[in-house]
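Student: with the sequence up front, the predicted model follows.
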Amino acid sequence: MTERLYFLSDSLIAEVEVLACTATAEGYAVELRATPFHPQGGGQPSDTGWIGTAEVQRVVQDGERILHQVNRPLQPGRVLARVDEQRRRLHARLHSAGHLIGHIGETHGWQPVKAHHWPGEGKIEFVPGLEPRPLDGAALQAHFDALVEADLPLHSEVDAAGQRQVRFGEDVARYACGGTHVRSTRTVGQLSVLGLKEKKGRLLVSYDMAGA
Ligand SMILES: [Zn+2]
């Protein structure tokens, strides 16, 4: 089981231990004892970066293990790893925006059930809660802007079951989440609501971020 350093720390540089390196069709798959790299999943693309001199092109979950696809072989042992900061920041902004949109939907009686936070493809799907009320793009944008302006700090804690609970400020909905986040909402930046429609009783919001 790979320990997930990014769960408790935003540090993008870590000394890691290479446990195994296996040749694959695309290059090499590297297993670390503990990793600062967020793997693809939970609606987010994976981090990229470097392990020693090897470039990390993609990171995936394989059961309890996290595998790093790299372009050259690595020897077992300790080495420095570095997560690509620009890409991490962008994904954290897009994903954190998803938390805020999910919360805004909930305040209108909608439950978020699916989320996809890839650049240029941001999408959140809601099902009706108890008393769903219409939500239009202007109201969503205004509420989002207010949450960003309030610069609400990130709260992240791992509960007794080992699940990480994440929320912004005191009043924004809390979600069980293994993703990467901004430290406070102002860093999320400017939202563009690309589409908002009700289809077959579901509410679909598609979005992007300025500078994404
Ligand atoms: Zn999250």
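Tutor: Sure, I can see it. Numbering: from 1, shown residues only.
Student: make it CA atoms for all contacts and neighbour counts henceforth
Tutor: Fine.
Student: other SSEs contacting the longest helix seen in the chain?
Tutor: What stands out as the longest helix in the chain, according to DSSP state H, is helix 85-107. Packing partners of helix 85-107 (3 or more C-alpha pairs under 8 Å, 6 or more residues apart in numbering; DSSP states H and E): strand 110-116, strand 122-128, helix 137-149, strand 202-209.
Student: packing partners for the longest one?
Tutor: Taking 3+ C-alpha pairs under 8 Å, 6+ apart as contact, the helices and strands that helix 137-149 lies on are helix 85-107, strand 191-199.
Student: now swap in the last one and tell me
Tutor: The elements that strand 202-209 packs onto, with contact taken as 3+ C-alpha pairs under 8 Å, 6+ apart, are helix 85-107, strand 122-128, strand 191-199.
Student: which other residues reach that strand?
Tutor: Contact with strand 202-209 is made by 93-94, 110, 119-128, 189-198, as judged by C-alpha atoms under 8 Å, 6 or more residues apart in numbering.
Student: can you say which of those residues are buried?
Tutor: Buried members of the contacts of strand 202-209, scored by 16 or more other C-alpha atoms under 10 Å, are 93-94, 110, 119, 122-128, 189-191, 193, 196-197.
Student: for the residue nearest the centre of the chain, give me its contacts.
Tutor: Geometric centre of the chain, nearest residue: G179, 3.6 Å, by C-alpha atoms, centre = their mean. G179 makes contact with 38, 42, 44, 92, 95, according to C-alpha under 8 Å, 6+ apart.
Student: please repeat the previous calculation with a cut-off of 10 Å.
Tutor: 6-7, 38-46, 91-92, 95-96, 164, 166 (C-alpha atoms under 10 Å, 6 or more residues apart in numbering).
Student: need the buried ones from the residues you listed selected in PyMOL.
Tutor: Selecting only the buried entries of the contacts of G179 in PyMOL, with 16+ other C-alpha under 10 Å as the criterion:
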select buried, resi 6+7+38+39+40+42+43+44+45+46+91+92+95+96+164+166
